[in-house]
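Peer 1: Here is my input, please return the structure:
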Amino acid sequence: MAKRKSFEEILNSEFRWPTKGDKPFVVSDDPFDNANIADNERTRLVLMVTGYKEAADLMVERSAEDRSIRDTLVFPVIFNYRQFLELSLKYQLAVYGPPVSIQPNWKTHDLATLWSEFLAMLERYGTEDPDEADPVVGEIVLEFAKIDPASYSYRYPVDRKGNPIPVAYSDLHLPTLADVMQAVDDYFTGCNGYLGSLVSTSPY
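Peer 2: Next up is the predicted model:
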């Protein structure tokens with residue numbers, strides 16, 4: 001738990017109080033200072049996949065340096081990694097599913113469903129798994145599906161009826177989580193390259 005500031009520390013802190021004319025969305029005169037939000041939906045999807053994971057990685061790194069914020073950042077860390085998984089699966093299905101008659105799935109947050117469709121897609125391509133990575137990644141995806149079925153558990157403390165949402169773990173080692181998610185990222189990168197080569201050299 002983060003250390004609570006004393007009243008004196010609060011009084012001596014620098015406050016950024018809202019002022020008239022504040023606008024959250026502005027564009028700098030210097031284009032170099034701006035973040036570009038891609039217009040193309042395919043590009044935006046790729047950047048989102050990367051962005052959610054990198055944000056989680058940065059938070060894990062930051063929490064390793066400062067114990068006081070670890071219990072605060074754990075929630076967005078888990079959410080961001082889950083979102084990375086969901087978007088990674090949806091990207092694979094959207095890009096490589098149609099050539100083998102598997103349609104994109106933008107309707108669900110259910111990781112178990114998305115993983116099942118992803119495996120079905122791999123089977124139709126006839127891909128091999130000599131390193132037996134598919135079941136390893138499957139267990140990781142399904143663990144996320146179990147602890148956060150609807151991408152809700154780490155965004156809110158209660159459900160839509162106000163009932164407390166139980167947490168799956170009372171403690172979590174974030175560097176290990178980040179390391180495992182890097183392996184999953186490398187797996188999807190490998191799938192992207194392999195499936196891309198199959199599509200470019202076949203009559204799919």
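
Peer 1: if I look at the spatially most central residue of the chain, how far off is residue 51?
Peer 2: Central residue of the chain (CA atoms, centre = their mean): residue 84, 2.3 Å from the mean position. Computed as CB to CB, to the nearest Å, the residue 84 to residue 51 distance reads 9 Å. All C-beta atoms are positioned from the backbone trio N, CA, C, and that covers glycine.

Peer 1: ditto for residue 192
Peer 2: Using CB to CB, residue 192 is found at 16 Å from residue 51.

Peer 1: How about residue 120?
Peer 2: Residue 120 is 28 Å from residue 51, by CB to CB.

Peer 1: List the contacts of the residue nearest to residue 172 when sequence neighbours are not counted.
Peer 2: Leaving aside its chain neighbours, residue 172 sits nearest to residue 74 (6.2 Å; criterion: CB to CB, 6 or more residues apart in numbering). Counting by CB atoms under 8 Å, 6 or more residues apart in numbering, residue 74 touches 63, 172, 174.

Peer 1: Need the phi and psi values for the second one.
Peer 2: In terms of degrees, to the nearest 10, the main-chain angles of residue 172 are phi -150, psi 130.

Peer 1: Burial check on it, number of neighbours?
Peer 2: When neighbours are counted by other CB atoms under 10 Å, residue 172 registers 13.

Peer 1: what's the answer for the first one, then?
Peer 2: The number of residues packed around residue 63, counting by other CB under 10 Å, is 20.

Peer 1: Residue 70: which element?
Peer 2: Element membership of residue 70 [criterion: DSSP states H and E] is helix 70-96.

Peer 1: Would you mark the buried spots in that helix?
Peer 2: By neighbour count on 16 or more other CB atoms under 10 Å, the buried set for helix 70-96 is 70, 73-96.

Peer 1: just how off-centre is that helix within its chain?
Peer 2: Here helix 70-96 is found 2 Å from its chain centre; the criterion is CA atoms, centre = their mean, to the nearest Å.

Peer 1: so how far is the next helix or strand after it off the chain centroid?
Peer 2: From helix 70-96 onward toward the C-terminus, using DSSP H and E, the following helix or strand is helix 111-125. Once both centres are worked out by CA atoms, centre = their mean, helix 111-125 turns out to sit 19 Å from its chain's centre.

Peer 1: what does stretch 136-148 give?
Peer 2: Stretch 136-148 sits 13 Å away from the centroid of its parent chain (CA atoms, centre = their mean).

Peer 1: Next, count neighbours for residue 136.
Peer 2: 15.

Peer 1: Could you do the one 10 residues further on as well?
Peer 2: Taking other CB under 10 Å as the criterion, the count of residues near residue 146 is 11.

Peer 1: Tell me who's in contact with it.
Peer 2: Applying CB under 8 Å, 6+ apart, we find residue 146 in contact with residue 168.
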